[in-house]
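[1] sequence and computational prediction follow.
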Amino acid sequence: MSSTTTRSASAHPSGARIAVTGLTKRFLTPSGSAFTALRDVTFSVEPGQFCAIVGPTGCGKSTTLGMVAGLDRASAGSVEVGGHEVQGVTRGVSFMFQADALLPWKTVLHNVMLGPILNHTSKKDAAAKARDWLRRVGLAGFEDHYTHQLSGGMRKRVAMAAALINEPAILLMDEPFGALDVQTKAIMQTELIGLWEELRPTVLFITHDLDEAVALADRVIVMTAGPGAVKASYDIDLPRPRGAVQELRYDQRFLEIQHHIWQSLKDEVERAYARDAAVPA
Amino acid sequence: MRTTTAPTRTDETGDTRFAAADKAASTAARRLRWRRRGLVWLARLAFVGFIVGGWQFCTGWTPNGSSTPLVDPFFFGRPSLVWQRTIELFRDGTSYGSFWFDIFTTMHEAVYGFFCGAVAGIVLGVVLGQSAFLADVIGPFIKMVNAIPRIVLGSIFIVAFGVGSTPKILLAAVLVFFVVFFNAFQGVREVDRNIVANARVLGGSSLQIVRHVTVPSALTWITASLHTAFGFAIVGALVGEVLGAQRGLGLIIRTSQNRFDPNGVFACMLVIAVITLGAEFLIGLVEKRLLSWRPVDQSTWSGV
Ligand SMILES: Nc1ncnc2c1ncn2[C@@H]1O[C@H](COP(=O)(O)OP(=O)(O)O)[C@@H](O)[C@H]1O
Ligand SMILES: [Mg+2]
């Protein structure tokens, strides 16, 4: 794969700064009362930084991401991206979800072309760019396949190419590798890091896998069990380039950091579990 | 432990050693498919033979001590007579003129009605499926119109537009519209929200999302409805013609009915069946083209 050899460790960050201030989100429950999913969330991510958010299920991670993307409106507080307050869909953002958002009726090539096409790039240029990106994620030769003909890992690569082709200033990832098997997951993580080190967008990466967060990120934010709030933030001082994710798991420093953050996350996971278990099904 | 920074792709592309085995397996699979198809056709022919043969037999066989056959062909027709009548219709025409012109008239009305109804159904289905507000406003009215018995609508159209082809086209269009509309609406509602969110984030405008995401996604639903819809278009044209017309298959059916000629009615039904099967085939081709991306194993069931 070319991504591991062409990485330049000191690429200029092309990312934008994300500043989330006092973000609160309430939902209307079916019974008509308000339910607070997020309470007063404040954090910021520096340009080109890889920031992971961990927290128990249902603490509002996806909700936070949706508001950074501008897909959803905040009940209170604000999100600023690149110095501008988010109103409507944020420009220069790409998203990657756990379930892949690929179009089953388009070929791999046309799926990757979608970003440029939606931004009014000519078909020819979009196709050339998409071919280049498919090569970069190791899928040259699969241009004319449909997504149902690909394995889970290959679909993730298509999604990655489709997300990065617009050269986003911000990459939002919502448990992107959550549905993959362990080996594929490790390979995809390594590839993601390779591409990120090359392009240096600002990344906001949601996961419930603390190992993944520590292995990939510059900073890990721990959120409290619902209503979600920022509990703590940890700088990960593992040197870059970090190389293969599987290797990193045996690194002494990695284990120390992982253990340290887990002390904080554990309480929240237990609280979330106790609360879910107490609610009659 | 070995580092895996550069995974190779042999696991995904397969190994050349197995190419021969792959080829043999695919030949065997293809043969099996042809065999199955042959069996299906054989069973179909047997089924038709059973029905038509039984009908022919029952309208010809006279039980002991009875003056008329078991089933009286005067009321119920007879396959051999139906066939004879069909040939007569094509050869001699009717009292109104060439039979071909009647077929053309009905087809013309059905096809126009089909297109108008389908286009209206798709457009309104997509628009209302997109906008919850519009759906809430217009929904009850659509349900109301849908509740009106179609035959009443036919009468209204004939009174309003005379006995020309306009009321038949309208009636066919209305029938088609509701089938297509409800499917298109549902299809748009079923669009994957993740995909829409993704397209929006990538910079898609509402119109682009309709074009690249919503409509293609709803197409599975829409094309499925088109099969039924063409049948409805024919029904609309025929019912309109039976209610009042100057030409068309519906008129021939009605004249035959008035002359106690069940064979004439059946002859028209035969022609209609052939037309509908032909249209079904064409729609199937269009569907296959539009939905060529779908996994193949689904289409083995498309005979149903
Ligand atoms: N559209 C919605 N309407 C009502 N409640 C919602 C909605 N979206 C999310 N929630 C609730 O908000 C909380 C946070 O959800 P989410 O952000 O998806 O959590 P997670 O951290 O697992 O991604 C959950 O309790 C969820 O039930
Ligand atoms: Mg989530």
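    Happy to help now that I have it. Ligands and ions are numbered 1, 2, ... in the order given.

[2] CA only for contacts and neighbour counts going forward, please
    Fine.

[3] for chain A, which segments are assigned as strands?
    A:18-28, A:34-45, A:50-54, A:76-81, A:84-85, A:93-96, A:170-174, A:202-207, A:219-223, A:230-235 (DSSP state E).

[4] now tabulate those in JSON lines and tack on mean pLDDT, distance to chain B and mean neighbour count.
    As requested, the strands of chain A are arranged in JSON lines below (pLDDT from 0 to 100; distance: least, Cα to the nearest Cα, whole Å; neighbours: other Cα atoms under 10 Å in any protein chain shown):
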{"stretch": "strand A:18-28", "mean pLDDT": "94", "distance to chain B": "16", "mean neighbour count": "19"}
{"stretch": "strand A:34-45", "mean pLDDT": "93", "distance to chain B": "19", "mean neighbour count": "18"}
{"stretch": "strand A:50-54", "mean pLDDT": "96", "distance to chain B": "20", "mean neighbour count": "26"}
{"stretch": "strand A:76-81", "mean pLDDT": "93", "distance to chain B": "14", "mean neighbour count": "20"}
{"stretch": "strand A:84-85", "mean pLDDT": "89", "distance to chain B": "16", "mean neighbour count": "14"}
{"stretch": "strand A:93-96", "mean pLDDT": "91", "distance to chain B": "6", "mean neighbour count": "27"}
{"stretch": "strand A:170-174", "mean pLDDT": "94", "distance to chain B": "10", "mean neighbour count": "25"}
{"stretch": "strand A:202-207", "mean pLDDT": "96", "distance to chain B": "15", "mean neighbour count": "26"}
{"stretch": "strand A:219-223", "mean pLDDT": "95", "distance to chain B": "23", "mean neighbour count": "23"}
{"stretch": "strand A:230-235", "mean pLDDT": "94", "distance to chain B": "25", "mean neighbour count": "16"}
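
[5] enumerate every residue touching residue A:225.
    Taking Cα atoms under 8 Å, 6 or more residues apart in numbering or on different chains, we find residue A:225 in contact with A:55, A:56, A:57, A:58, A:59, A:268, A:269, A:271, A:272.

[6] residue B:280 now?
    B:227, B:230.

[7] report the secondary structure state of it.
    Per DSSP: H, G, I helix; E, B strand; the rest coil, the secondary structure class of residue B:280 is helix.

[8] from residue B:199, how far off is the residue in the stretch 101-250 of chain B that ligand 1 sits nearest to?
    The minimum distance from the stretch 101-250 of chain B to ligand 1, using Cα to the nearest ligand atom, falls at residue B:193 (11.7 Å). Applying Cα to Cα, to the nearest Å, the value for residue B:193 to residue B:199 is 10 Å.

[9] which of those two has more neighbours?
    Higher neighbour count among residue B:193 and residue B:199: residue B:199, with 24 against 11, using other Cα atoms under 10 Å in any protein chain shown.

[10] and the pLDDT at residue B:16?
    Residue B:16 is assigned 67 on the pLDDT scale.

[11] now residue A:5
    The predicted structure scores residue A:5 at 39 on the pLDDT scale.

[12] how about stretch B:140-150: buried residues?
    Residues residue B:150 are the ones in stretch B:140-150 that count as buried (16 or more other Cα atoms under 10 Å in any protein chain shown).

[13] ok, and the closest non-adjacent residue to residue B:155?
    residue B:243 (7.1 Å; Cα to Cα, 6 or more residues apart in numbering or on different chains).

[14] could I get the contacting residues of residue 118?
    Unless you meant another one, I'm taking chain A. When contacts are counted by Cα under 8 Å, 6+ apart, residue A:118 touches B:199, B:202, B:203, B:204, B:205, B:208.

[15] meant chain B actually
    By Cα under 8 Å, 6+ apart, the contact list for residue B:118 reads B:173, B:176, B:177, B:180, B:181, B:226, B:229.

[16] distance check, it against chain A.
    22 Å (Cα to the nearest Cα, to the nearest Å).

[17] whichever strand or helix holds residue B:42 - what's its average pLDDT?
    Assignment of secondary structure by DSSP states H and E places residue B:42 within helix B:19-58. For helix B:19-58, the mean pLDDT works out to 92.

[18] show me how far that helix is from its chain's centre.
    From the chain centre to the centre of helix B:19-58 is a distance of 23 Å (Cα atoms, centre = their mean, to the nearest Å).

[19] just the buried residues of that helix, please?
    B:55, B:56, B:57, B:58.

[20] so what's residue 68 closest to, chain neighbours aside?
    Just so you know, I chose chain A. Excluding the flanking residues, the one nearest residue A:68 by Cα to Cα, 6+ apart is residue A:79, at 6.2 Å.

[21] let's do chain B instead
    Using Cα to Cα, 6+ apart and skipping residues adjacent in sequence, the residue nearest residue B:68 is residue B:62, 6.2 Å away.

[22] how many residues are close by the one you found?
    15.

[23] and it, how far is that from chain A?
    60 Å.

[24] ok, back up a step: export the contacts of residue B:118 to TSV and tack on secondary structure and neighbour count?
    TSV is the format used below for the contacts of residue B:118 (DSSP: H, G, I helix; E, B strand; the rest coil; neighbours: other Cα atoms under 10 Å in any protein chain shown):
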residue	secondary structure	neighbour count
B:173	helix	30
B:176	helix	32
B:177	helix	28
B:180	helix	30
B:181	helix	26
B:226	helix	21
B:229	helix	25
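
[25] secondary structure element holding the closest residue to residue B:264 other than its chain neighbours?
    Once flanking residues are discounted, residue B:264 sits nearest to residue B:256: 5.5 Å by Cα to Cα, 6+ apart. Per DSSP H and E: residue B:256 is located in helix B:249-258.

[26] need the contact list for the closest residue to residue A:26 other than its chain neighbours.
    Excluding the flanking residues, the one nearest residue A:26 by Cα to Cα, 6+ apart is residue A:36, at 4.3 Å. Contacts for residue A:36 (Cα under 8 Å, 6+ apart) come out as A:24, A:25, A:26, A:27, A:227.

[27] and if we set it to 10 Å?
    Residue A:36 is in contact with A:24, A:25, A:26, A:27, A:28, A:29, A:60, A:75, A:226, A:227, A:228, counting by Cα atoms under 10 Å, 6 or more residues apart in numbering or on different chains.

[28] with residue A:264 instead?
    Counted by Cα under 10 Å, 6+ apart, residue A:264 has contacts A:222, A:223, A:224, A:231, A:232.
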